[in-house]
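>>> pasting a predicted model and its sequence here:
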Amino acid sequence: LMFDMVFNHTSTEHEWFQKALAGDPKYQAYYIFRDGDPDTPPTNWVSKFGGSAWAYVPSLKKWYLHLFDVSQADLNWENPEVREELKNVIRFWKNKGVKGFRFDVVNLISKPAVFEDDHEGDGRRFYTDGRHVHEFLHELVHDTGIQDMITVGEMSSTSLDNCIRYSNPKNEELSMAFSFHHLKIDYKNGDKWELMPPDLHRLKDLFKTWQVGMQDGNGWNAVFWENHDQPRIVSRLGDETTYWKQSAKMLGTMIHLMRGTPYVFQGEELGMTNAHYTSIDEYTDVESKNYYRILMDERGKSEAEALEILRQRSRDNGRTPMQWDDEKNAGFCSDDVAPWITMPTAKKEANAEAERADPDSIRSYYQKLIALRKEYPIIADGAITFFDDDNDSVMAYRRDDGTNTLLVLSNMTADTITAAIPDSASFEQGRTLIDSWGENETAAVNADNTITLRPYEAVAVLI
C-alpha cells in the first residue's frame, strides 16, 4: 500500500490556512503571502490551471501563491516548522504500516528567494527543481527513516539530470521518478491546448534519452502511460476500433519490458478509452472548465474547436469510474444513482467482468506482462540499448544481462511494417515470450535481417 503525499500545497479549507486567514502570523508563515496592491499580483506567474498564480485576500491585504487551483495554497518549505509538520505526516502513516509514498509535484516545493516577473514564460523556470529541492527531499527522507521504503516523485517539467539526482540511491532522496516529457509528443509547440498528431520520432528519442540516461547515471525510471491527469493512452497513441486490443497490448508491452518500474493506472489494463464528452456541462475537471473559457475568450477558438481539444486533453478522460461491468454505471454505483462524474458510453466492453473471463483480453495480457517481469530477471535488471533508430514506426530495444538478450519491437502504427533486427538467425532460434497478436501468432522474420510486424504488433523474443 502506497499513499499519495501532496506536500506542495494544502486546501484553503485546511486548518492551517484558515488560521492564516484569521491573522495568525505563525500560520501565515506556513504559506507564501505577499503584501501588494489588490490590482497588481506580486508576479506575472501563471497558474497550471490558467489565470494568475496569485490570489488576493482583501481582509489581509495580501496575496498568496497557488501554482495550481485557487483552492490549493502553496506551502512555504523554507519554513522549518512546515517541514517538521510534513515529516510528522510521514511518520504517522509509516507507523500505520504504509509501505511506500508517492510525492505529488514534489520538484516544485522549493521556491526562489526573490519573486520576480517571468518575461520568457509562465514562471515555472523560477520554481521547477528549485534551489533547495534536493536538500529538502534528503532531509524529509532521512529524518523520517524511509530510505529503504518505496518512494516515487511526480516531477513536473523536470530535467534528466535532476531525475538522476532524485533517484540515485547514493543521494537518499527517492527510489524513482515520474517524468512527463514522453506524454507531450502531441503538444503543438509544447502547448497542451494546441493539437497535433503524435510525433513518434520524438517519442522514440525521448525514451532512448531517458532510459539510457537514467541507466548511465544510476537513476531509476517509473515507467507509465496513464495517471489521473492524463488522457487514455489507447485513445491517444493506439486505436479505439479495429485494432483496439492489439494497440492496447502493444502499448503495455512497450513500457513493461523497459528498464524501470512499470505503473498501471486503473482501467488501463482493460483498454479503457477517453470519455468522448460532447458538452462542457459533462466535464468536472477545473482545468478543463478554465481552459474551455480561455480557448474561446483569449485564443479565438470556436466552441466546437474548444470541445474537440477538451475531448483529447481533459483530465476527466482518466477520471471516469473503473468499469467493472457493462451496466449503465459500469458497476461503480447502482443504476438509480448519479455518479460523481459523467459516465462514458463508448467501449463498454472494456470492463473487468468480461475481460476476466477472456484469456485473450487486454487484462489477461497485462497479467502475462507482469508475470514475465517476475519470471525473467533480465526484464528487471538487464541493461537497455535501442536499435533501428531511423524507423519512426517502431520502438525497438534490447535488454542484456551478460547471458541472454531480450529483443522487444513494437509497431506503433496501423500499418504492416518491416523493422531491422540485429541478428535474424539468433532471432529465429529465440523464444517468443509474448506477442500482442496472440500466443499462436508469430511475427515473420525475413531474409534481409528484418521482421514484418502487423498493425500495432509488439513482440518480445529471448535469445
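It's in. Numbers count the residues shown, from 1 in each chain.

>>> what are the phi and psi values for the residue nearest to Pro41 when sequence neighbours are not counted?
Nearest non-adjacent residue to Pro41, counting by Cβ to Cβ, 6 or more residues apart in numbering: Trp54, 3.9 Å away. Glycine gets a C-beta too; all of them are placed from N, C-alpha and C. Note on Trp54: its backbone torsions stand at phi -120, psi 140 [degrees, to the nearest 10].

>>> number of nearby residues for Trp54?
24 (other Cβ atoms under 10 Å).

>>> per-residue pLDDT, it?
For Trp54, the pLDDT comes out at 99.

>>> dump the residue contacts of it.
Going by Cβ atoms under 8 Å, 6 or more residues apart in numbering, Trp54 touches Arg34, Pro41, Pro42, Thr43, Trp45, Trp63, Tyr64, Leu65, His66.

>>> quick check, nearest of these to Asp316?
His66 (21.1 Å; Cβ to Cβ).

>>> my guess is that closest one meets Ser47, correct?
Yes - look at His66 against Ser47 with Cβ atoms under 8 Å: they come within range, at 6.4 Å.

>>> neighbour count: the two, which is higher?
Higher neighbour count among His66 and Ser47: His66, with 24 against 21, using other Cβ under 10 Å.

>>> phi, psi of the more buried one?
phi -140, psi 100.

>>> the strands in the stretch 351-463 of the chain, which residues?
In the stretch 351-463 of the chain, the segments counted as strands under DSSP state E, counting those that start in this stretch are 383-386, 394-400, 405-411, 417-420, 431-435, 444-445, 450-453, 458-462.

>>> what's the answer for the stretch 51-200 of the chain, then?
54-57, 62-65, 72-74, 100-103, 150-154, 176-178.

>>> as a markdown table, the ones you listed with distance to Pro80 would be great.
Formatted as a markdown table, the strands of the stretch 51-200 of the chain follow (distance: least, Cβ to Cβ, whole Å):
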| stretch | distance to Pro80 |
| --- | --- |
| strand 54-57 | 24 |
| strand 62-65 | 19 |
| strand 72-74 | 17 |
| strand 100-103 | 19 |
| strand 150-154 | 21 |
| strand 176-178 | 25 |
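
>>> which one, of those strands, ends up nearest to Trp324?
Proximity to Trp324, assessed across the strands of the stretch 51-200 of the chain by Cβ to Cβ, is greatest for strand 100-103 (24.3 Å).

>>> what lines up beside the closest one in the sheet?
strand 2-5 (parallel), strand 150-154 (parallel) (DSSP bridges).

>>> just how off-centre is the first one within its chain?
In terms of Cα atoms, centre = their mean, to the nearest Å, the centre of strand 2-5 is set 15 Å apart from its chain centre.

>>> buried sites along that strand?
The neighbour-count check on strand 2-5 (16 or more other Cβ atoms under 10 Å) flags Met5 as buried.

>>> beyond it, next helix or strand please.
Counting by DSSP states H and E, the next helix or strand C-terminal to strand 2-5 is strand 9-11.

>>> that next one: which residues count as buried?
For strand 9-11, the neighbour count (16+ other Cβ under 10 Å) marks His9, Thr10 as buried.

>>> go on, stretch 202-221?
Buried, per 16+ other Cβ under 10 Å, within stretch 202-221: 203-208, 210-212, 214-215, 219-221.

>>> let me know the closest of the residues you listed to Phe136.
Gly219 (18.6 Å).

>>> could you measure from the closest one over to Ile280?
41 Å (Cβ to Cβ, to the nearest Å).

>>> got it, and Glu355?
Taken as Cβ to Cβ, the span from Glu355 to Ile280 is 32 Å.

>>> the more surrounded of the two?
Glu355 (21 against 14).

>>> picking up where we left off before, would you list the strands paired with strand 100-103 in a markdown table and tack on distance to Asp448?
Conversion of the strands paired with strand 100-103 to a markdown table gives the following (distance: least, Cβ to Cβ, whole Å):
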| stretch | distance to Asp448 |
| --- | --- |
| strand 2-5 | 47 |
| strand 150-154 | 43 |
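
>>> okay if I get those as CSV plus mean pLDDT and distance to Glu85?
Output for those, formatted as CSV (pLDDT from 0 to 100; distance: least, Cβ to Cβ, whole Å):
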stretch, mean pLDDT, distance to Glu85
strand 2-5, 97, 12
strand 150-154, 98, 19
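
>>> these: which one's closest to Asn329?
Proximity to Asn329 (Cβ to Cβ) singles out strand 2-5 among these, at 25.3 Å.

>>> is it correct that Ala396 is in contact with Met412?
No - Ala396 is beyond contact range of Met412, at 10.5 Å (criterion: Cβ under 8 Å).

>>> quick one on the thing from earlier: take the buried residues of stretch 202-221 and keep only those in helices.
Leu203, Lys204, Asp205, Leu206, Phe207, Lys208, Trp210, Gln211, Val212, Met214, Gln215 (DSSP state H).

>>> can you lay out the residues you listed as CSV showing distance to Ile164 and pLDDT?
Putting those into CSV (distance: Cβ to Cβ, whole Å; pLDDT from 0 to 100) gives the following:
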residue, distance to Ile164, pLDDT
Leu203, 21, 98
Lys204, 21, 98
Asp205, 18, 98
Leu206, 15, 98
Phe207, 16, 98
Lys208, 16, 98
Trp210, 10, 98
Gln211, 12, 99
Val212, 12, 99
Met214, 6, 99
Gln215, 10, 99
